[in-house]
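Asker: Here is the input, now give the coordinates:
(6 chains)
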4 protein chains.
Amino acid sequence: MDRAKRREQILSVAAEVFAEKGYHDARIDDIVARAKVARGTFYLYFEDKRAIFEELVDAFVHSLADGIAPIETVPEADPARVMREVRTNLLRIVERVLAKPAMARLLFSAALGVDADFDRRLLAFYDEIAALLERSLEQGEDALLVRPGHRRIRAFCLTGIVKELLSQLISRRAAVDPAEVVDAMLDLVTDGLFTDLARAAVRASG
Amino acid sequence: MDRAKRREQILSVAAEVFAEKGYHDARIDDIVARAKVARGTFYLYFEDKRAIFEELVDAFVHSLADGIAPIETVPEADPARVMREVRTNLLRIVERVLAKPAMARLLFSAALGVDADFDRRLLAFYDEIAALLERSLEQGEDALLVRPGHRRIRAFCLTGIVKELLSQLISRRAAVDPAEVVDAMLDLVTDGLFTDLARAAVRASG
Amino acid sequence: MDRAKRREQILSVAAEVFAEKGYHDARIDDIVARAKVARGTFYLYFEDKRAIFEELVDAFVHSLADGIAPIETVPEADPARVMREVRTNLLRIVERVLAKPAMARLLFSAALGVDADFDRRLLAFYDEIAALLERSLEQGEDALLVRPGHRRIRAFCLTGIVKELLSQLISRRAAVDPAEVVDAMLDLVTDGLFTDLARAAVRASG
Amino acid sequence: MDRAKRREQILSVAAEVFAEKGYHDARIDDIVARAKVARGTFYLYFEDKRAIFEELVDAFVHSLADGIAPIETVPEADPARVMREVRTNLLRIVERVLAKPAMARLLFSAALGVDADFDRRLLAFYDEIAALLERSLEQGEDALLVRPGHRRIRAFCLTGIVKELLSQLISRRAAVDPAEVVDAMLDLVTDGLFTDLARAAVRASG
DNA sequence: GATGAATGAGCGTTCATTCAT
DNA sequence: TATGAATGAACGCTCATTCAT
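Answerer: Okay, the predicted model is just below:
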């Protein structure tokens, strides 16, 4: 087996093991046993346990990030087009997560509590996402598409929604229709929960 | 020192240590050293490492859950009152989290990746939250306050929002005004992000 | 068993093991097995393998160094007394080496090749010895007891003699009379190897 | 490259590596990397790590031993000639050591602590040296050139002197004049350290 | 002969837990 | 009840050596 293939094989086996057991409970032995290679072989391809885990997480994170197409929201942007593009981005993320559930499980649960360093890296990544969303909200406001509001907090809310939905999608084995999830989420985010009746009442009293 | 006090002392020290280092990096040694008791003493009060951690997480989870007052949403309910009560509930949760940041850090980061069992417990807890929210949404729809929609997904979205905001509140040391956070979140959730202009455009095209 | 005794016990067992097998071939397992303690116990008393070895070598080196009484060699010093004191110092060193042959074997063979760091430490120690001897030779010259000559090289020669003799004393199990060894060495060093006949001949021709 | 050359190349690279890192810290990897051959190739030329080290040490030891010309010390031997020949032998040894400092470092430090077996071999070699010296001293006594004395012990002293001086010569990078070293050593050994004044005093009292 | 991927025995160290005092 | 010395299973990692190509 050539070098690249063997590497790939160990990586994919490791992803499974980490996803099943979490970082700390996954032993190098588990990985090499399932990959049917000797312990030493593992270390021919990866610096150490931490390194292979990092590589897995980083690769997946990047594959998600690469799926996000930038959305042009110049003031005269067509709101319907913007919405479609947002929806496409979300769908792509959901699809990639569903395509590699083990990797997603890794990212959403195994990756936490690895160590202080790794926690910081993850937080930094989510910060970037939030910053991206914040800028998008700003552009949306400029284009008069988005109601003015606390953009930082809204960015965190959006991040939280996506993270939670993705976590749920992979933790429940039940087949889910990605489009349905994305549409329900977008519906909530764009229009809010309330009926006009409720809004009127709140505004009147509020 | 009497039994209960000693127990309490070890618990509170353990909370700090777990919050600082995470479950796996926290050593029993760290805890007993800081509590100034002998190693053996620890085991007089707690079954094992896992048990004390579970107790801490459970206690905090319950203190949060206890802060949630049930909201009556009979069909004729006053929307403004319902909103105020929702807001009060949220504020209470935020306050309790900010009051015990170590415990919150425990719940939101240290508690993940402990082991497969614990992960299941946490998921089950969040499921309960989601179920509660789902029922509330149902009542809201019945009372014509909430626009009909996919309640399960919406419940997850709301859970995600709260989790993420609380995580951010405790991870950023910066003083934050809980009321501001809660209001921004509620504003997003009730009215959505979009301006009427955008909605009209989307509706026209979509 | 109290802390100090247990420590002492492990130390002495470790000395044997290191002496028998050398640093690299000695396994922690060998030490704890022979000390009849658990592996973990070892690490309660010593940082790591390197640390216990260092402690053993250092202790022995210091016990040897402490046996050397300073010799006053003011210009009017009585040569016979000086010689007696030198002899006493040497005898004390030889006795201490013979009293702890395992430690001596440690110092003279196991201690080399441990790692680059440790090698440097040992060299530095021997440098100090050589420096001490060099100063003594200088005083001896000033007191007109010692023939002028290259003091640095002479100091190394003397160091070499003592090291080699001690090595031989411990590597040959045969009972040796320390006094005989010391006297033979002193005879060589003070008077040299040659007869007056040989010296005269060499001087005449050289 | 033909077999012999390749072998030679690996040997010389190995000498460097062993000299730099010592036996245990030198990895086969270090050797093959620097020799620019594959790991497997190494084992085509040498049995194992131990074997190549042994070969290096043996070769150097023999090159030193070969430099020693036998000295005729029949009873009527000219003392001055004997001294010159001794001096020549010593100079040759010093020169060979200085010519291959890596090999010398190997012999004087890396070779110790390899394992119990190798230690025995080295001791046996030094024993031969000592035996040779002992015989020479005996001849010297017979020729009335050497003062009677404990020949075995004297032989060890001489061995120690030479070993220590050679070690110092290679460990101090400073340029040294071999002749100066040899002459200082011979001066010490032939005439001893003491002035006639000191000797007289010692004899009177002792 | 040459390669270098693969092997796996081996070892140092950690740390949750126990138990005699 | 409190202590803290002792335990030993567990695990990550190294590196000399082998062997299919």
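
Asker: Run through who's touching stretch A:89-108.
Answerer: Stretch A:89-108 is contacted from outside by A:15-16, A:18-19, A:53, A:56-57, A:59-61, A:63-64, A:67-69, A:71, A:162-163, A:165-167, A:169-171, A:176, A:178-179, A:181-182, A:185-186, using CB atoms under 8 Å, 6 or more residues apart in numbering or on different chains. Any C-beta I mention is one placed from the backbone N, CA and C, and that applies to glycine too.

Asker: now with 6 Å?
Answerer: When contacts are defined by CB atoms under 6 Å, 6 or more residues apart in numbering or on different chains, stretch A:89-108 is touched by residues A:15-16, A:18-19, A:57, A:60, A:63-64, A:67-69, A:166-167, A:170, A:178, A:182.

Asker: Give me the domain ranges for chain A.
Answerer: Structural domains assigned to chain A are A:1-46, A:56-205, following automatic domain parsing.

Asker: Return the residues in contact with residue A:188.
Answerer: Contacts of residue A:188 by CB under 6 Å, 6+ apart are B:154, B:157.

Asker: hmm, try it at 8 Å
Answerer: Contacts of residue A:188 by CB under 8 Å, 6+ apart are A:161, B:149, B:153-154, B:157, B:189, B:192.

Asker: Tell me the predicted confidence for it.
Answerer: Confidence at residue A:188, expressed as pLDDT, is 93.

Asker: Can you tell me the SS state at it?
Answerer: helix (DSSP: H, G, I helix; E, B strand; the rest coil).

Asker: sorry, back to before: looking at the contacts of residue A:188, which two lie furthest apart in space?
Answerer: Farthest apart among the contacts of residue A:188 by CB to CB are B:153 and B:192. That separation is 15.1 Å.

Asker: Listing request: residues of chain A with sub-threshold pLDDT.
Answerer: Along chain A, the model assigns pLDDT under 70 to residues A:1, A:173-174, A:206.

Asker: now the residue nearest the centre of it: how far from residue A:107?
Answerer: In chain A, the centroid-proximal residue (CA atoms, centre = their mean) is residue A:163; its distance is 5.9 Å. Per CB to CB, to the nearest Å, residue A:163 is found 10 Å from residue A:107.

Asker: Report the separation between residue A:66 and residue A:93.
Answerer: Residue A:66 is 10 Å from residue A:93, by CB to CB.

Asker: So between the two, which is more surrounded?
Answerer: Between residue A:66 and residue A:93, counting by other CB atoms under 10 Å in any protein chain shown, residue A:93 is the more crowded of the two (20 against 10).

Asker: Which strand or helix spans that one?
Answerer: helix A:79-99 (DSSP states H and E).

Asker: neighbour-wise, which of the contacts of stretch A:89-108 leads?
Answerer: Using other CB under 10 Å as the neighbour test, those are led by residue A:18, with 28 neighbours.

Asker: Spit out the contact partners of that one.
Answerer: Residue A:18 touches A:26, A:53, A:56, A:102, A:106, A:110, counting by CB under 8 Å, 6+ apart.

Asker: got the phi/psi numbers for the last one?
Answerer: The one in question is residue A:110. phi -60, psi -30 (degrees, to the nearest 10).

Asker: For it, grab the count of nearby residues.
Answerer: Neighbours of residue A:110 using other CB under 10 Å come to 28.

Asker: Sticking with the residue in chain A positioned nearest to DNA strand E, tell me its helix or strand.
Answerer: Nearest residue of chain A to DNA strand E (CB to the nearest atom of the strand) works out as residue A:40 at 1.4 Å. Assigned by DSSP H and E, residue A:40 belongs to helix A:39-45.

Asker: And chain B, is stretch A:115-126 touching that?
Answerer: Yes. Applying CB under 8 Å from any CB of the partner chain, one finds stretch A:115-126 touching chain B at A:115-116, A:119, A:123.

Asker: Now which of those would you call buried?
Answerer: Buried subset of these (neighbour count, 16 or more other CB atoms under 10 Å in any protein chain shown): residue A:119.

Asker: Dump the residues of stretch A:115-126 next to chain B into CSV; add secondary structure and distance to residue C:3 as well.
Answerer: Below are the residues of stretch A:115-126 next to chain B laid out as CSV (DSSP: H, G, I helix; E, B strand; the rest coil; distance: CB to CB, whole Å):
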residue, secondary structure, distance to residue C:3
A:115, coil, 33
A:116, helix, 34
A:119, helix, 38
A:123, helix, 44
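
Asker: which pair in the residues of stretch A:115-126 next to chain B spans the largest distance?
Answerer: That would be A:115 and A:123, which, of the residues of stretch A:115-126 next to chain B, are the farthest apart (CB to CB) at 13.0 Å.

Asker: Quick check: residue A:159 vs residue A:152, distance?
Answerer: Taken as CB to CB, the span from residue A:159 to residue A:152 is 11 Å.

Asker: Mind listing the shared neighbours of those two?
Answerer: Here residue A:159 and residue A:152 share the contacting residues residue A:130, scored by CB under 8 Å, 6+ apart.

Asker: Which one's more surrounded, the two?
Answerer: residue A:159 (22 against 16).

Asker: what about the host helix or strand of the more buried one and chain B, any contact?
Answerer: Taking DSSP H and E as the definition, residue A:159 sits inside helix A:151-171. Yes. Using CB under 8 Å from any CB, helix A:151-171 reaches chain B at A:153-154, A:156-157, A:159-165, A:168, A:171.

Asker: and residue A:68, that's in a helix?
Answerer: No. Residue A:68 sits outside any helix when classified using three-state DSSP, being coil.

Asker: ok, and the closest non-adjacent residue to it?
Answerer: Computed as CB to CB, 6 or more residues apart in numbering or on different chains, the closest residue to residue A:68 that is not its neighbour in sequence is residue A:89, at 5.1 Å.

Asker: re earlier: quick check: buried residues in the helix holding residue A:40?
Answerer: For helix A:39-45, by 16+ other CB under 10 Å, it's A:42, A:45.

Asker: Alpha carbons of that helix, in PDB - could you do that?
Answerer: C-alpha atoms of helix A:39-45 as PDB (Å, rounded to 0.1, in the frame of the first residue of the first chain):
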ATOM      1  CA  ARG A  39       1.800   0.400  16.700                       C
ATOM      2  CA  GLY A  40       5.100   1.700  15.300                       C
ATOM      3  CA  THR A  41       3.500   2.200  11.900                       C
ATOM      4  CA  PHE A  42       1.200   4.800  13.400                       C
ATOM      5  CA  TYR A  43       4.100   6.800  14.400                       C
ATOM      6  CA  LEU A  44       5.600   6.700  11.000                       C
ATOM      7  CA  TYR A  45       2.700   8.700   9.800                       C
END
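
Asker: Which secondary structure elements does it sit against?
Answerer: helix A:3-25, helix A:28-35 (3 or more CB pairs under 8 Å, 6 or more residues apart in numbering or on different chains; DSSP states H and E).

Asker: and it, how far from the chain's centre?
Answerer: 30 Å (CA atoms, centre = their mean, to the nearest Å).

Asker: Tell me if that helix is near DNA strand F.
Answerer: Yes. Judged by CB under 7 Å from any atom of the strand, helix A:39-45 comes into contact with DNA strand F at A:39-40, A:43.

Asker: what comes into contact with that helix?
Answerer: So helix A:39-45 is contacted by A:6-7, A:10, A:28-29, A:31-32, A:35, A:52 (CB under 8 Å, 6+ apart).

Asker: Quick check: residues of chain A near DNA strand E?
Answerer: A:1, A:3, A:6, A:36-41, A:43-45.

Asker: give me that answer again for 6 Å
Answerer: A:1, A:3, A:6, A:37-41, A:44 (CB under 6 Å from any atom of the strand).

Asker: Turn those into JSON lines, including distance to residue A:141.
Answerer: Below are the residues of chain A next to DNA strand E laid out as JSON lines (distance: CB to CB, whole Å):
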{"residue": "A:1", "distance to residue A:141": "54"}
{"residue": "A:3", "distance to residue A:141": "51"}
{"residue": "A:6", "distance to residue A:141": "51"}
{"residue": "A:37", "distance to residue A:141": "54"}
{"residue": "A:38", "distance to residue A:141": "58"}
{"residue": "A:39", "distance to residue A:141": "56"}
{"residue": "A:40", "distance to residue A:141": "57"}
{"residue": "A:41", "distance to residue A:141": "55"}
{"residue": "A:44", "distance to residue A:141": "53"}
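
Asker: Cheers, nothing more for now.
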